[in-house]
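Q: Below are the sequence and a predicted model for it; my questions follow.
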Amino acid sequence: MKNNVEFVKQLVALFTVTKEEGNTALMDLIGQITLQLLQSPYSTDASVIAQFVEEASIDKVIDIVQFGLGRRSEETGFVSLEKRRATFRNPLQLKEPILSRIHLIYSAGYLKDMLPLNFEEDVMSPSILGLYLLRFKFSLMSDICASDGLLEPAFSKVMESKNLRLSDFLDLLGLLNDMGKTIKNSVFPAATKEPILQNLIRAGLFSFINRALECALEEYRNLSNSNKPSEEQKCVDDAIQMCCDVVNCCVTTLPSSRQDLLEESAHSPPRCTLNLFMKAIILVRSNFVSRSVLDVVFSCVTPSPFQMSLYFQEQSKSEDIVYFLVNGRVEGKSPLFAVAATVAELMKVPMEESRDLLPSEEVRLVHGLKLLEVLCEALKENLTNSFVELLTLSDLLSSIANLVQVERRTLADAQTAGLSLIAKCIYKGGPHFARLFKENKSLLERVMTAFLKNTRRNNLLGSSLGHVFGALCDRVHIEKCCIERKQGSPANPYFYTVMHGEDSVSKGVPQHSFEEVLTPLKELYSRQLVTGHPILLEWMDRVLQETPEEAYRAETSSVASTTERGLPFEVQMEEFDVDMVGTPFNRTMEEHSARDALSLSPIQTESDDDNSNGPISVKREREEESDDTSEKRRKT
């Protein structure tokens, strides 16, 4: 095949002739030859695969492969070229030669799907055909996005049509979703991906997604609240999921796209995409779709750790998005408040109506709580007061505490999600959260009552209940560490303390701490904890009795103990003659260690004779001892 570039064309011509003659034996033989050539080692040779994916041959090759696999008629699974082309959609009204390139990609993908074991695509070692498809797709997407008069007219045509329905968006939305998946899942550098997304956004991608998402949510409200998903509901679910996935791809791959979402929220707060995500999380009844909404919100409020050069810029935009979701653009119009209020109402259903949650209600409740937990994690100190007010006005934490007391196994997922939010609020810390739990003592008291009643400690609910009080103990310990760190630091200038609210004039509000929350709780339930959970009681006593100095010393000693635990390992490595010095990772670490040692220790000017008892001689002695030990082991 390497010497004859026309080999596959000749094979296809021979198959065509034998098919006209009706020679099934020879057709079967050609099919088996083709299947063998599409296996290793031939399938790993680029020059061989290139012959199979030529535009003139690939459709006939697919017919030959189907014949070789036993699909010789429609009854046995044969799919003709006409049927394969019938599923193609052309929302951008593309013309030749781009159209033929798309058909070629589609045919190559069809061939790859017929033989998944031959062309199994792997992240670390993708197949030759997989690489070909990926590069060809990227080239095609770049050409489409760079072409004038393709994307923008297509977006405008859909959005300007009268009596707009969700079905008008689906074809173009499917194309955008496929492009987004290709960009997100590929291993190409960011410099290759970003121009494609920039052209899409410049052409009006976010306006199109916003309108599609708005139509999908409107149709979702009109659907019956049935547990059995209909075809219409599945179509709406797919549309919402595709909208979320496209925005998620833009935010994770092109961090500057957060600015476009913020500008949209400033122009039209009630109808912006960020606000629609909040509406979707309390409306959608499918786990998979709710997960997509949760993922895109997480991407919007969490800067990517893999792009350190843009990390601080991303962080600023992410904080602006969190600010909008918590406070909104208009006073009293917080997008997140609707989520908290809806979740609180859903939590009252098992108690007020004495029934279990419907599957659709449980999906909305659990994912709404997870969304609140994501935003709690992303909060900065200047927003904690607003978030606490939001939780207070919606009566959410009180609803969680009441739901936890209901002893019903079917509510375990909802109860666990609520307890996870409480633990996140505690671990987030700060005076505002401390004030919240101090003023509402009954919240943690009801959780403690449920914890003491739960005799099974190995179940999900029991561990979640214990996690709340574990977070409370950790928070008290962290607060004491911070006190010691602040006292041990050099005195700050006056203007610094004023700006940070650390002087007596600017405090205004007393600084509450979680120690004031834990102390009365421990005194109230110490007798029950002695018999039921003595380890937790011991933990509470330890964190309450330790001084800030002891807490700080415990943290620093834990770092030192981590280093000490590595010493026996190093001794054993020397004892068994394992050489780890030559590896690039260890060489780099040694270089850094040597550089740090030179920067921290005084320069030695003594001669080598004077350093006979120095670190070099000690190292040499250790090497001689290890050599002796190794020699004894060899003799044994």
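A: Looks like it arrived, so ask away.

Q: Reduced to three states, what does the nearest residue to Val374 once chain neighbours are set aside come out as?
A: Spatial nearest neighbour of Val374, chain neighbours left out: Phe298 (5.2 Å); criterion: CB to CB, 6 or more residues apart in numbering. Bear in mind the C-beta positions are built from the backbone N, C-alpha and C, glycine included. Under DSSP: H, G, I helix; E, B strand; the rest coil, Phe298 falls in the helix class.

Q: Pro359 versus Phe298, what's the distance?
A: Applying CB to CB, to the nearest Å, the value for Phe298 to Pro359 is 24 Å.

Q: okay, these two: which has more neighbours?
A: In terms of neighbours (other CB atoms under 10 Å), Phe298 is the more surrounded of Phe298 and Pro359; the figures are 17 against 12.

Q: Ends of stretch 277-288, what's the gap?
A: Criterion CA to CA, to the nearest Å; first-to-last residue distance in stretch 277-288 is 14 Å.

Q: now it: mean pLDDT?
A: Here stretch 277-288 scores 94 as its mean pLDDT.

Q: Could you list the buried residues of that stretch?
A: 277-286 (16 or more other CB atoms under 10 Å).

Q: One more: stretch 452-461?
A: Applying a neighbour-count criterion of 16+ other CB under 10 Å, one finds 454, 461 buried in stretch 452-461.

Q: Need the distance between the two termini of that stretch.
A: End-to-end span of stretch 452-461 (CA to CA): 12 Å.

Q: Quick check: helices, which of the buried residues of stretch 277-288 are part of them?
A: 277-281 (DSSP state H).

Q: and those residues as a markdown table, adding distance to Leu518?
A: What follows is those, written out as a markdown table (distance: CB to CB, whole Å):
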| residue | distance to Leu518 |
| --- | --- |
| Phe277 | 36 |
| Met278 | 34 |
| Lys279 | 38 |
| Ala280 | 38 |
| Ile281 | 33 |
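
Q: which one of those residues is nearest Leu383?
A: Using CB to CB, Met278 is the member of these that sits closest to Leu383, with 15.9 Å.

Q: list the contacts for the closest one?
A: 325, 335-336, 338-339, 371 (CB atoms under 8 Å, 6 or more residues apart in numbering).

Q: For the most centrally placed residue in the chain, list the residues it contacts.
A: Central residue of the chain (CA atoms, centre = their mean): Asp295, 6.0 Å from the mean position. The contact partners of Asp295, by CB under 8 Å, 6+ apart, come to 244, 248.

Q: now with 7 Å?
A: Asp295 makes contact with Asn248, according to CB atoms under 7 Å, 6 or more residues apart in numbering.

Q: Please save the CA atoms from stretch 290-309 in CSV.
A: Output in CSV follows, covering the C-alpha atoms of stretch 290-309 (Å, rounded to 0.1, in the frame of the first residue of the first chain):
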residue,chain,number,x,y,z
SER,A,290,-29.5,20.2,36.2
ARG,A,291,-25.9,18.9,36.4
SER,A,292,-25.1,20.9,33.2
VAL,A,293,-26.6,24.1,34.8
LEU,A,294,-24.6,23.5,37.9
ASP,A,295,-21.4,22.9,35.9
VAL,A,296,-21.7,26.1,33.9
VAL,A,297,-22.4,28.2,37.1
PHE,A,298,-19.3,26.6,38.7
SER,A,299,-17.2,27.5,35.7
CYS,A,300,-18.5,31.1,35.7
VAL,A,301,-17.6,31.8,39.4
THR,A,302,-14.4,29.7,39.7
PRO,A,303,-11.3,30.9,37.8
SER,A,304,-9.3,28.2,36.1
PRO,A,305,-6.1,27.2,37.9
PHE,A,306,-4.5,26.1,34.6
GLN,A,307,-4.1,29.6,33.2
MET,A,308,-2.0,31.3,35.8
SER,A,309,-1.1,34.2,33.6
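
Q: what secondary structure does the spatially closest residue to Leu166 that is not a sequence neighbour sit in?
A: Distance criterion CB to CB, 6+ apart; nearest residue to Leu166, sequence neighbours excluded, is Cys215 at 4.7 Å. Following three-state DSSP, we place Cys215 in the helix state.

Q: ok, how many other residues are close to Arg364?
A: By the criterion of other CB under 10 Å, Arg364 has 22 neighbours.

Q: Could you check which helix or strand contains it?
A: helix 359-378 (DSSP states H and E).

Q: mean confidence score for that helix?
A: Rounded mean pLDDT across helix 359-378 is 95.

Q: what's the following helix or strand after it?
A: helix 384-394.

Q: So for the residue nearest to the centre of the chain, what pLDDT did the model give?
A: So Asp295 comes in at 96 (pLDDT).

Q: Check the gap between Ala554 and Val251 for me.
A: From Ala554 over to Val251 (counting by CB to CB), the distance is 40 Å.

Q: More neighbours: which of the two?
A: Shown here are Ala554 and Val251; by other CB under 10 Å, Val251 has more neighbours (28 against 14).

Q: What pLDDT is listed against the closest residue in space to His512 that isn't next to it in sequence?
A: Nearest non-adjacent residue to His512, counting by CB to CB, 6+ apart: Ala434, 3.9 Å away. pLDDT recorded at Ala434 is 93.

Q: which strands and helices sit next to the helix or strand hosting Ala434?
A: In the assignment (DSSP H and E), Ala434 maps to helix 431-439. Helix 431-439 sits against helix 384-394, helix 515-532, with contacts defined as 3 or more CB pairs under 7 Å, 6 or more residues apart in numbering; DSSP states H and E.

Q: Asn177 touches Val246, doesn't it?
A: Yes: using CB atoms under 7 Å, Asn177 makes contact with Val246 at a distance of 5.8 Å.

Q: Identify the contacts common to these two.
A: Common neighbours of Asn177 and Val246, counting by CB under 7 Å, 6+ apart, are absent.

Q: So for the two, which residue has more residues nearby?
A: Neighbour count, other CB under 10 Å: between Asn177 and Val246, Val246 has more, with 28 against 19.

Q: Now for the spatially closest residue to that one that is not a sequence neighbour, how many residues are close by?
A: Closest residue to Val246 apart from its sequence neighbours, by CB to CB, 6+ apart: Gly180 at 4.6 Å. Residues lying near Gly180 (other CB under 10 Å) number 22.

Q: low pLDDT regions in the stretch 1-150 of the chain?
A: Flagging of the stretch 1-150 of the chain using pLDDT under 70 yields the residue ranges 118-126.

Q: the strands in it, which residues?
A: Taking DSSP state E, counting those that start in this stretch as the criterion, the stretch 1-150 of the chain carries no strands.
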